[in-house]
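*Asks:* Here is my input; please provide its structure:
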Amino acid sequence: MRLLCLLSSLVFAFLPVPTGNAQDLPPEAKPGAKVCVAVVANASTTSAFVERLTERLTKGLKQNKLDSITMSSSTTEKYPLQLTSENGEEVKENDCDYALLTQIRDPKQHPLEPKAPEISIGGRVPSIDASDPLGGSSGPVHRDNLQVAFALFRVGRLKPVIDTNILERPSANVSDTLIPAMDHEANRVGHELKKH
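*Replies:* Sure, this is the predicted structure:
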């Protein structure tokens with residue numbers, strides 16, 4: 001209980017809270033709500049161009065007609081996802097209503113960690129990509145799925161509005177593999193904020 005109070009104090013110290021109790025805040029997005037997008041974190045051993053993926057995510061949010069900007073601070077590599085003090089400061093400076101955190105994860109590396117609800121895009125299938133150095137003439141290669149964990153936080157609230165994983169089928173080019181996951185994440189966030 002004491003740890004929970006301490007964590008609450010730390011988060012609220014870095015996030016602006018409108019007048020009144022944080023629990024009195026309306027859950028719905030106000031018109032023109034602004035989303036701060038933290039740089040995607042890669043907590044897997046697979047290489048990925050996180051700047052490119054972050055740019056794609058921000059662009060996807062804008063295509064969903066959401067006011068969004070990319071922050072210079074990164075998503076934490078810890079799980080479950082929580083805002084860092086750097087994220088909180090930047091959200092405050094940019095006057096954002098929401099903060100979006102995204103992390104690439106390898107489920108096999110973290111078998112004991114708590115699992116968020118999953119959205120599956122494809123399944124574990126053999127690679128038949130001729131450009132794949134591990135596939136083609138040497139036969140199909142099975143790759144394990146990667147997870148893209150993401151959480152959307154409303155300013156002044158500890159509990160995320162969205163906290164889920166996208167299970168993505170890998171390909172020879174991991175960055176290209178994760179591009180659809182960024183688009184799916186942007187669509188999910190857009191849908192969530194528009195339905196209120």
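
*Asks:* max-length helix in the protein?
*Replies:* For the chain, the helix reaching the highest residue count under DSSP state H is reported as helix 174-194.

*Asks:* buried ones in it?
*Replies:* Under the neighbour-count criterion of 16 or more other CB atoms under 10 Å, helix 174-194 has 174, 177-186, 188-190, 193 buried. For every residue, glycine as well, the C-beta is placed using N, CA and C.

*Asks:* Between these, which sits nearest T76?
*Replies:* E185 (16.8 Å; CB to CB).

*Asks:* just checking, the closest one touches G60?
*Replies:* Yes: in terms of CB atoms under 8 Å, E185 counts as a neighbour of G60; the distance is 7.4 Å.

*Asks:* Let me know the secondary structure of Q82.
*Replies:* Secondary structure state of Q82, per DSSP: H, G, I helix; E, B strand; the rest coil, is coil.

*Asks:* Next, the contact list for the closest residue to it other than its chain neighbours, please.
*Replies:* Leaving aside its chain neighbours, Q82 sits nearest to T76 (6.5 Å; criterion: CB to CB, 6 or more residues apart in numbering). T76 makes contacts with A41, Q82, T84, L101, Q103, as judged by CB atoms under 8 Å, 6 or more residues apart in numbering.

*Asks:* show me where pLDDT drops low in this protein?
*Replies:* For the chain, the stretches flagged by pLDDT under 70 are 1-31, 110-144, 169-175, 196.

*Asks:* can I assume G156 sits in a strand?
*Replies:* No: checked against three-state DSSP, G156 lies outside a strand; its state is coil.

*Asks:* related to what we said a few turns ago, how about JSON lines for the contacts of T76, with neighbour count added?
*Replies:* Written out in JSON lines, the entries for the contacts of T76 read as follows (neighbours: other CB atoms under 10 Å):
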{"residue": "A41", "neighbour count": "22"}
{"residue": "Q82", "neighbour count": "17"}
{"residue": "T84", "neighbour count": "20"}
{"residue": "L101", "neighbour count": "27"}
{"residue": "Q103", "neighbour count": "25"}
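
*Asks:* from the residues you listed, which single one is nearest L146?
*Replies:* Nearest to L146 out of the contacts of T76 is Q103 (CB to CB; 10.6 Å).

*Asks:* what's the spacing between that closest one and R157?
*Replies:* Between Q103 and R157 the computed distance is 19 Å (CB to CB, to the nearest Å).

*Asks:* how about the strands of this structure, start to end?
*Replies:* Counting by DSSP state E, the segments of the chain that form strands are 34-39, 41-42, 67-74, 98-105, 118-121, 126-127, 141-142, 146-154, 162-168.
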